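[1] next come a sequence and a model predicted from it.
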Amino acid sequence: MRRREMLAGVAAALAAGGAAAAGGAPRPRAAAFDPRDLEGTWDLGSYTDLERPHGLPRLVLTPAEAEAYEAPRRALRGMLPSKAGTVGQVENEFTDRGQGLARVKGEIRASTIVDPPDGRLPYNARGEALAGVGAGPPATAPGDLDNPETMGGTTRCVATVAAGAPMLGAPDANCLQVVQAPGVVVIWTEKYHDVRIVRLFANAAAARAARAVAPDPPSWLGASVGWWEGASLVVETEGFRPGVMTKGQRMLVSGATRVRERLTKQASGEILYEFTVEDPDLLTRPWRGETAIRPSRGKVYEYACHEGNYSMAGMLAGARRAERLQAGAVAGK
């Protein structure tokens, strides 16, 4: 009964917040700065990727280095033109990665990852094989086209990079809306309109105890519990579905993944977003990321994700045709 009441309250709060975002009357806001008021529509977009590109020398860039990186990407709102001979997806879709590289704590950042120092995901041998990197033998990666269930979460329209934990930017649809109700914080992402409900508790011990007594079933987004530490909202997420899923930007999530996030609203109006990811099945060590979440200039709109995965049938058919061609070539030798 308690869970049904909580979900009903969240639905009502989200509906009210959605109406405000769509042009309805916003709820009254306090004039004074309130660091615990995270409600509003926010934007995750920036030119900064999760991992540091090989061509950038360090985490913090000079203005000149940043301009050299940003300039060729401005025409396509954060993306480089397609290589010759490719389909040209970035030229034919609307991309929106913000105004440039992320500015965090007054620094221009070359990657969201701040530790390890090289700005790269610290995969172990299994993680590298699944991510398609390293010198080891290839493995059945989450993006393989053997069947729909081995495709990545974004391809299947079941989990976007902005939803769940950690929240990462993407080439498009970087808006999210935060709605607060008694005992919960709700994060609603524009892409795939995923809703993450963070149950709030008095402190870390109470949150972990509640999760241990009544764990949520595994899910694409995991299960999140949180608490306030001063002016910061701390969120712990685990309970991702078994197996390995491609979250995006070369990040893999498994049933062993645990994420700890810290959201701190700044007097500037931005949210300092810090997080740590652990996964003993895929990583050699935990890694940390930081970025700034800015107030959105736009609204949250519906994002239906290519209307029922029409492209999946084509991708699977193409993979089967490639297999037949390869088999024919082998037989003809």
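    Looks like it came in fine.
[2] now for the helix or strand hosting residue 187, which elements pack on it?
    Secondary structure from DSSP states H and E places residue 187 in strand 184-189. Strand 184-189 sits against helix 2-21, strand 175-181, strand 195-200, with contacts defined as 3 or more CB pairs under 8 Å, 6 or more residues apart in numbering; DSSP states H and E. Quick note: C-beta positions are derived from backbone N, CA and C, even for glycine.
[3] any idea how far it is from the chain center?
    Mean C-alpha position of strand 184-189 versus that of the full chain (CA atoms, centre = their mean, to the nearest Å) differs by 14 Å.
[4] before we move on, the earlier item: can you tell me which of the helices and strands packed on strand 184-189 the model trusts least?
    When the helices and strands packed on strand 184-189 are compared by mean pLDDT, helix 2-21 comes last with a mean of 51.
[5] give me the residues contacting the helix or strand that comes right after that one.
    As assigned by DSSP H and E, the chain's next helix or strand after helix 2-21 is strand 40-43. For strand 40-43, the external contacting residues (CB atoms under 8 Å, 6 or more residues apart in numbering) are 21, 98, 174-178, 271, 293-300.
[6] tell me the one of the residues you listed nearest residue 320?
    residue 174 (34.6 Å; CB to CB).
[7] so where's the stretch 1-150 of the chain shaky on pLDDT?
    1-31, 85-86, 134-144 (pLDDT under 70).
[8] and the strands in it?
    40-43, 60-61, 103-104, 107-109, 113-115 (DSSP state E, counting those that start in this stretch).
[9] equivalent analysis for the stretch 201-333 of the chain, please.
    Under DSSP E, counting those that start in this stretch, the stretch 201-333 of the chain gives strands at 223-229, 232-238, 244-248, 251-254, 258-265, 271-278, 287-295.
[10] quick check: mean pLDDT of the last one?
    Throughout strand 287-295, pLDDT has a mean value of 97.
[11] show me what it is packed up against.
    Using 3+ CB pairs under 8 Å, 6+ apart: strand 287-295 touches strand 40-43, strand 103-104, strand 113-115, strand 271-278.
[12] and these as CSV, adding mean neighbour count and distance to residue 83?
    Conversion of these to CSV gives the following (neighbours: other CB atoms under 10 Å; distance: least, CB to CB, whole Å):
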stretch, mean neighbour count, distance to residue 83
strand 40-43, 20, 28
strand 103-104, 19, 29
strand 113-115, 19, 26
strand 271-278, 19, 31
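[13] format those strands as TSV; extra columns: distance to residue 228.
    Formatted as TSV, these follow (distance: least, CB to CB, whole Å):
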stretch	distance to residue 228
strand 40-43	18
strand 103-104	22
strand 113-115	24
strand 271-278	14
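[14] picking that back up, between the strands of the stretch 201-333 of the chain, which one is nearest to residue 57?
    Closest to residue 57 of the strands of the stretch 201-333 of the chain, according to CB to CB: strand 287-295, at 18.6 Å.
[15] one step back: could the strands of the stretch 1-150 of the chain go into JSON lines alongside distance to residue 73?
    Listed next are those as JSON lines, based on distance: least, CB to CB, whole Å:
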{"stretch": "strand 40-43", "distance to residue 73": "17"}
{"stretch": "strand 60-61", "distance to residue 73": "14"}
{"stretch": "strand 103-104", "distance to residue 73": "16"}
{"stretch": "strand 107-109", "distance to residue 73": "14"}
{"stretch": "strand 113-115", "distance to residue 73": "20"}
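[16] nearest to residue 235, out of those?
    strand 40-43 (14.9 Å).
[17] the nearest residue to residue 78 once chain neighbours are set aside and residue 62, how far apart?
    Spatial nearest neighbour of residue 78, excluding adjacent residues (CB to CB, 6 or more residues apart in numbering): residue 97 at 2.6 Å. Residue 97 is 21 Å from residue 62, where distance means CB to CB, to the nearest Å.
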